[in-house]
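Colleague: Sequence first, predicted coordinates after that:
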Amino acid sequence: MNYRSTRDNNVIKNSKFAIANGISVEGGLFVPDEFPQIKLSELEALSKKSYKEIAKFVLAKYLSDFTKEEIDSCVDAAYTSEKFGGNDTTPLHKLNGTASVLELWHGPTCAFKDMALQILPHLMMTSAKTVLDNKKIVILVATSGDTGKAALEGFKDVEGTEIMVFYPEDGVSKIQKLQMNTQEGNNVTVCGIDGNFDNAQSGVKAIFTNTEVKDKLLENNMIFSSANSINWGRLVPQVVYYVASYCRLIKENEIKAGDKVNFVVPTGNFGNILAGYYAMKMGVPVNKLICASNANNVLTDFIKTGTYDKNRKFFTTISPSMDILISSNLERLIYDLYDKDDKKIAELMNELSANGKYTVDTSVLDKMSNLFVGGCCDDNSTKNTIDDTFKKYNYLCDTHTAVAVNVYNNYYNSTNDTTKTVIVSTASPYKFSEDVLKAIVPEFKANDEFEVIDILEKETNTKAPAQLKNLKNKEVRFKNICDKNDMQNKVLSNLNIK
Ligand SMILES: *Cc1c(COP(=O)(O)O)cnc(C)c1O
């Protein structure tokens, strides 16, 4: 299996190269040259297998330059029952006659990013052995919340790696800050900076692209890499749970192999829903992919009109992981819808960076709107949905998942489509407990975030994940605030490089 760049079809690499390097030199994203097929009989057989076995099956089809032993050991290290709280890695909770919720947040950090970031470090180290000559990989992350913690948990104590996370001191929630500052592991560093997320991100970018710094690392047999969501090693593990949830529906007699299903996905960077599209291209029968956005509804408009336009007001919402105006992984979808027209994609992406907008051809818009449905909702509707869903189904969902439930309800009411539907749930309600509790008990009073968790448990008769409750008693390891102009020195001194 070869991988090409979305902006230059002449770039042809194997998966180890794609994973170790993250992005292609001219700025394009790596995509598989073809989509390996899964037969209905195979889906039927897989419905009797564990998540790990399904993961090994799917990954082997894409990572053909990995040996079977390499894939097995990456999967076995990532999806252990200790890390995912039991044997059901991705529980499917039946909501009503047509809809089920796929819970992707039973990993170490209580958000769906664990599904990819628990395995990425292993895929990366395996790739580095071959294509990076065993250099030590240094991961730099700028985060506004979920990604930083999930990357720390994924890379902690993975041999041959070092990870450093920078977050805006005043730009993440208290729980998120505690999650990061109490991080265990011998190869991790966490640093708040005295600036906003943009400062953190441009600081990291400046270090990444500084040739002097890169040379210093090379002299010490080290190299920078990135764990962000355009890396193929983060996307391919996400295809697995679409296949697995389809198999689960077969197993539970909700569908027969061959029946189509809908997937509803709360979307930010378009990585998660793109993995659903790739699963469909492999043969998972799909009716509609429903793309749910919050008030930052640039994708809703794009699916309706074919014009992507990021020139609009940016909203800070109660579903912060979806507060995004440039959905980087969309590039991979339009490359496929344009039948691999690399020149066209390069042209559209140049327009995006120059003018903040582009428009796709009508034929591409038609293909897109035959399959994708776009919908959005604001914070008020999100809270009402959390409350309604709890009252009606006794099911508690987080602020991101609630956006998906809201968009699905509107879709169902306007179409009466009774196709079995999987609503993808991306975070534990306890990760965003304050807004979730506000939705259910608007007048609650609490002294701190741990009391909020306690009240939410009592009010809803549900249990908070231990790893969030226990934060209260964990030692804070990282207390330093770093000047935003001092990030480079911090990185070098941390690596013991002069
Ligand atoms: C990252 C994230 C999303 C958005 O996923 P994309 O792959 O960027 O579309 C949604 N919900 C939560 C909780 C997240 O952490």
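Modeller: The structure has been received and is ready for your questions. Numbers count the residues shown, from 1 in each chain.
Colleague: And the strands in the stretch 51-200 of the chain?
Modeller: 92-94, 99-103, 136-142, 161-168, 188-193 (DSSP state E, counting those that start in this stretch).
Colleague: which one of these lies closest to Asn473?
Modeller: Closest to Asn473 of the strands of the stretch 51-200 of the chain, according to CB to CB: strand 188-193, at 18.5 Å. Every C-beta, even on glycine, is put in place using the N, C-alpha and C of the backbone.
Colleague: tell me what that closest one is packed against?
Modeller: Under the contact definition 3 or more CB pairs under 8 Å, 6 or more residues apart in numbering; DSSP states H and E, strand 188-193 sits against helix 146-155, strand 161-168, helix 174-181, helix 197-208, strand 481-482, helix 487-494.
Colleague: Now do the first one against helix 174-181, angle only.
Modeller: The one in question is helix 146-155. Put simply, helix 146-155 runs at 30 degrees to helix 174-181, going by axes from the mean of the first three to the mean of the last three CA atoms, to 10 degrees.
Colleague: Please identify the residues of the protein in proximity to the ligand?
Modeller: Those residues of the chain that sit near the ligand, judged by CB under 6 Å from any ligand atom, are 111-113, 146, 229, 266-272, 321-322, 400, 426-427.
Colleague: quick revisit: lowest-confidence stretch among the helices and strands packed on strand 188-193?
Modeller: Looking at these, the lowest mean pLDDT belongs to helix 197-208 (a mean of 85).
Colleague: can you list contacts of it?
Modeller: 140-144, 166-168, 171, 193, 195, 213, 224, 226, 484, 487-488, 491 (CB atoms under 8 Å, 6 or more residues apart in numbering).
Colleague: How far away from the center of its chain is it?
Modeller: Per CA atoms, centre = their mean, to the nearest Å, the displacement of helix 197-208 from the mean C-alpha position of its chain is 20 Å.
Colleague: what's the answer for stretch 48-55, then?
Modeller: Remark: stretch 48-55 is offset 21 Å from the chain centroid, using CA atoms, centre = their mean.
Colleague: Report the buried residues of it.
Modeller: 51-52, 54-55 (16 or more other CB atoms under 10 Å).
Colleague: avg pLDDT for the helix or strand hosting Val239?
Modeller: Using DSSP states H and E, Val239 falls within helix 232-251. Per-residue pLDDT values over helix 232-251 give a mean of 98.
Colleague: With mean neighbour count added, can I get the strands of the stretch 51-200 of the chain in a markdown table?
Modeller: Shown next, in a markdown table, are these (neighbours: other CB atoms under 10 Å):
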| stretch | mean neighbour count |
| --- | --- |
| strand 92-94 | 16 |
| strand 99-103 | 22 |
| strand 136-142 | 22 |
| strand 161-168 | 24 |
| strand 188-193 | 23 |
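Colleague: show me what contacts Met115?
Modeller: 90, 104, 107, 237-238, 240-241.
Colleague: The same query, at a cut-off of 6 Å, please.
Modeller: Leu104 (CB atoms under 6 Å, 6 or more residues apart in numbering).
Colleague: Let me know the pLDDT of it.
Modeller: So, for Met115, pLDDT stands at 98.
Colleague: Same check on the one 3 residues further on?
Modeller: The pLDDT attached to Gln118 in the predicted structure is 97.
Colleague: quick one on the thing from earlier: in helices only, show me the buried residues of stretch 48-55.
Modeller: Judged by DSSP state H, the buried residues of stretch 48-55 include 51-52, 54-55 as members of helices.
Colleague: Which members of those are the farthest-apart pair?
Modeller: Lys52 and Ile54 (7.4 Å).
Colleague: isn't Thr419 right next to Asp259, touching?
Modeller: No: with contact defined as CB atoms under 6 Å, Thr419 does not count as touching Asp259 (8.2 Å).
Colleague: what sits against Thr419?
Modeller: Contacts for Thr419 (CB under 6 Å, 6+ apart) come out as 262, 287.
Colleague: got it, and Leu330?
Modeller: Counted by CB under 6 Å, 6+ apart, Leu330 has contacts Phe270.
Colleague: cool, and Glu434?
Modeller: Glu434 neighbours (CB under 6 Å, 6+ apart): Val452.
Colleague: element containing it?
Modeller: For Glu434, the element it lies in under DSSP H and E is helix 433-440.
Colleague: Just the CA atoms of that helix, as PDB, please.
Modeller: Taking C-alpha atoms only, helix 433-440 is exported to PDB below (Å, rounded to 0.1, in the frame of the first residue of the first chain):
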ATOM      1  CA  SER A 433     -19.100  18.500  34.300                       C
ATOM      2  CA  GLU A 434     -19.800  22.100  35.100                       C
ATOM      3  CA  ASP A 435     -21.700  22.800  31.800                       C
ATOM      4  CA  VAL A 436     -23.300  19.400  31.900                       C
ATOM      5  CA  LEU A 437     -24.600  20.000  35.500                       C
ATOM      6  CA  LYS A 438     -25.700  23.500  34.600                       C
ATOM      7  CA  ALA A 439     -27.900  22.000  31.800                       C
ATOM      8  CA  ILE A 440     -29.600  19.700  34.300                       C
END
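Colleague: Give the buried residues for the next helix or strand after that helix.
Modeller: Using DSSP H and E, the helix or strand that directly follows helix 433-440 along the chain is helix 449-460. Buried positions in helix 449-460, judged by neighbour count with 16+ other CB under 10 Å: 449-450, 452-453, 455-457, 460.
Colleague: Beyond helix 449-460, next helix or strand please.
Modeller: Helices and strands here follow DSSP H and E; after helix 449-460, the next one along the chain is helix 466-469.
Colleague: Can you list the buried residues in that following helix?
Modeller: 467-468.
Colleague: Would you pull up how far that helix lies from the middle of the chain?
Modeller: Worked out by CA atoms, centre = their mean, helix 466-469 lies 21 Å from the chain centre.
Colleague: and that helix, C-alpha only, in CSV?
Modeller: Coordinates of each C-alpha in helix 466-469 appear next as CSV, following Å, rounded to 0.1, in the frame of the first residue of the first chain:
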residue,chain,number,x,y,z
ALA,A,466,-11.9,7.4,38.7
GLN,A,467,-9.1,9.1,36.8
LEU,A,468,-11.0,12.5,37.0
LYS,A,469,-12.1,12.1,40.6
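Colleague: Show me the contact partners of it.
Modeller: Tyr430.
Colleague: for the record, mean pLDDT for it?
Modeller: Across helix 466-469, pLDDT averages out at 94.
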